[in-house]
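Participant: Pasting the sequence and the predicted coordinates here, then a few questions.
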Amino acid sequence: MKPIEHVLQEFIDAIYAADNESDFERVATRVTQRLGFRWFAYLRITDNAPALISSYPKSWTSRYFASRYQQLDPVVRRARLEYDSFSWSGGASKSVGTREQRKFFDEAITFGIKSGITVPIRGGFGRIAAFTFATSESAALSEQLIAESRNVIQLVGCIFTPTRQPNSIQG
């Protein structure tokens, strides 16, 4: 078994043993680090009450929801529309997006969140979620991490989806 396959199998074993939100966070944090990323975020996207399991700094997630950034976040907007995983970079925001979106990425960068990859997840009955691996590295270094493990990242994002959905916003 290749090292990356071992990481995936360890993740699968651990996620099926997870019983609560804290377990899901611990398992996702471990696979995030093993794949070379710094943070993960699982965001269930709903119209009325999004739910988050994340290793992002609590100060960032509190700010994110207080400012209702889930409605503005270009990564979330893209996850609503796309089916394939995609990489993103806050540094690229200088030339794209609205002024508010550029400000959003600039603020995320102040928390160290610079680039990553997001896996859009489609659930039954129109439910949507997004699983993100993020890093404080430049887009070029992030792309190298992604290239080494894109297939595993896609699988982790889809497998992670908790059957016991988080009920409240964490922030």
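Facilitator: Everything's here; your move.
Participant: which SS class is the residue most central in space within the chain?
Facilitator: Central residue of the chain (CA atoms, centre = their mean): residue 132, 1.7 Å from the mean position. Three-state call for residue 132 (DSSP: H, G, I helix; E, B strand; the rest coil): strand.
Participant: Relative to residue 44, how far out is it?
Facilitator: 13 Å (CB to CB, to the nearest Å). Placement of C-beta: from N, CA and C, glycine included.
Participant: same check, this time on residue 18
Facilitator: Going from residue 18 to residue 44 by CB to CB gives 16 Å.
Participant: Neighbour count: the two, which is higher?
Facilitator: residue 44 (21 against 18; other CB atoms under 10 Å).
Participant: my guess is that one meets residue 24, correct?
Facilitator: No: taking contact to mean CB atoms under 8 Å, the distance of 12.0 Å between residue 44 and residue 24 leaves them out of contact.
Participant: Give the buried residues for whichever strand or helix holds residue 140.
Facilitator: Secondary-structure element containing residue 140, defined by DSSP states H and E: helix 139-160. Using 16 or more other CB atoms under 10 Å as the test for burial, helix 139-160 gives 139, 142, 145-146, 149, 152-153, 156-157, 160.
Participant: okay, those residues in CSV with pLDDT and distance to residue 89 next?
Facilitator: Shown next, in CSV, are the buried residues of helix 139-160 (pLDDT from 0 to 100; distance: CB to CB, whole Å):
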residue, pLDDT, distance to residue 89
139, 74, 4
142, 72, 7
145, 76, 13
146, 83, 11
149, 86, 18
152, 89, 21
153, 89, 16
156, 91, 20
157, 88, 18
160, 85, 23
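Participant: Reformat the residues you listed as TSV; add distance to residue 71.
Facilitator: Rendered in TSV, the data for those read as follows (distance: CB to CB, whole Å):
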residue	distance to residue 71
139	24
142	25
145	29
146	26
149	31
152	31
153	26
156	26
157	22
160	23
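Participant: Could you single out the nearest of those to residue 51?
Facilitator: Residue 51 has its nearest neighbour among those in residue 160, at 13.3 Å by CB to CB.
Participant: contacting residues for that closest one?
Facilitator: By CB atoms under 8 Å, 6 or more residues apart in numbering, the contact list for residue 160 reads 15, 24, 27-28, 42, 131.
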